[in-house]
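>>> structure for the following, please:
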Amino acid sequence: GEGMQLFGNAVTKPVVSLPEQEARTGEEEEKVLFSADGSLYEFDVAASRWRERGKGEFKVNASDRGEPPVQHARMVMRQNGNLRLLLNAAVYPGMPVQFMTGNVGVTFGVVNAAAPHDGKEGEAKEGEGKAEASEAAPAAPKEGGPKPKTWAVRIKNADNVQALHTLLQKLRQPPAAGDNAV
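Model prediction:
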């Protein structure tokens with residue numbers, strides 16, 4: 001039968017049968033340039049301290065968009081278990097990138113499209129908390145838009161910290177003159 005025998009002759013049957021569903025994240029068409037497990041922190045300016053925002057898989061993804069195709073990179077981090085989006089931020093020219101104290105991670109200044117921008121802790125905005133990310137990478141900070149905040153990802157492996165720092169330093173460089181010549 002469909003049930004499962006647990007104790008003696010007692011048989012349990014599933015109350016509801018749920019079909020398997022494919023989870024689309026918006027990352028399917030992107031190339032993963034870096035991936036590592038880590039902890040995400042946001043710098044709280046008012047309290048002058050780091051606040052942990054979650055643990056999970058941190059990735060730097062790239063995709064080609066536009067005509068002619070131009071590579072766009074973004075940082076994405078999803079919480080372990082429920083895949084809640086913790087970080088969705090574009091890598092942009094001139095983005096501040098540096099090592100955390102003790103070289104245990106990397107800090108960067110970005111607008112996190114996955115975080116509330118009104119400054120109210122714990123209040124989810126409508127539509128927030130979904131596992132899907134927009135297929136388009138968020139844009140670089142715009143004049144008059146949400147201000148970039150300081151974020152950090154802490155990674156246990158020192159080689160991965162160095163690799164991430166090197167990659168972000170490379171990706172934040174403005175395109176060379178003539179790269180996008182029309």
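>>> which residue is the nearest non-sequential neighbour of P93?
In this structure, P93 finds its nearest non-sequential neighbour in P174, 4.0 Å apart by Cβ to Cβ, 6 or more residues apart in numbering. No exception for glycine: its C-beta is placed from N, CA and C like everyone else's.
>>> wait, isn't that neighbour in contact with Y92?
No: the pair P174 / Y92 is not scored as a contact, 9.3 Å apart, by Cβ atoms under 8 Å.
>>> and these two? which has more neighbours close in?
Neighbours around P174 and Y92, counted as other Cβ atoms under 10 Å, are more numerous at Y92. The numbers are 21 against 9.
>>> check this structure for its longest strand and report it.
For the chain, the strand reaching the highest residue count under DSSP state E is reported as strand 49-65.
>>> helices or strands next to the very next helix or strand once past it in the packing?
Using DSSP states H and E, the helix or strand that directly follows strand 49-65 along the chain is strand 70-79. With contacts defined as 3 or more Cβ pairs under 8 Å, 6 or more residues apart in numbering; DSSP states H and E, strand 70-79 has these neighbours: strand 31-44, strand 49-65, strand 85-90.
>>> for D159, find the nearest of those strands.
D159 lies closest to strand 31-44 among the helices and strands packed on strand 70-79, at 9.7 Å (Cβ to Cβ).
>>> tell me the buried residues in the closest one?
Along strand 31-44, the positions that meet the burial threshold by neighbour count (16 or more other Cβ atoms under 10 Å) are 33-34, 36, 38-42.
>>> out of those, which one sits closest to G144?
Set against G144, the nearest of the buried residues of strand 31-44 by Cβ to Cβ is E42 (21.9 Å).
>>> so that closest one sits against T150, correct?
Yes: because the distance of 7.5 Å satisfies Cβ under 8 Å, E42 is recorded as touching T150.
>>> poorly predicted segments of this structure, please.
1-12, 21-28, 65-70, 117-142, 175-182 (pLDDT under 70).
>>> tally of neighbours for the residue nearest to Q173 when sequence neighbours are not counted?
Using Cβ to Cβ, 6+ apart and skipping residues adjacent in sequence, the residue nearest Q173 is P93, 6.9 Å away. By the measure other Cβ under 10 Å, the count of residues near P93 is 10.
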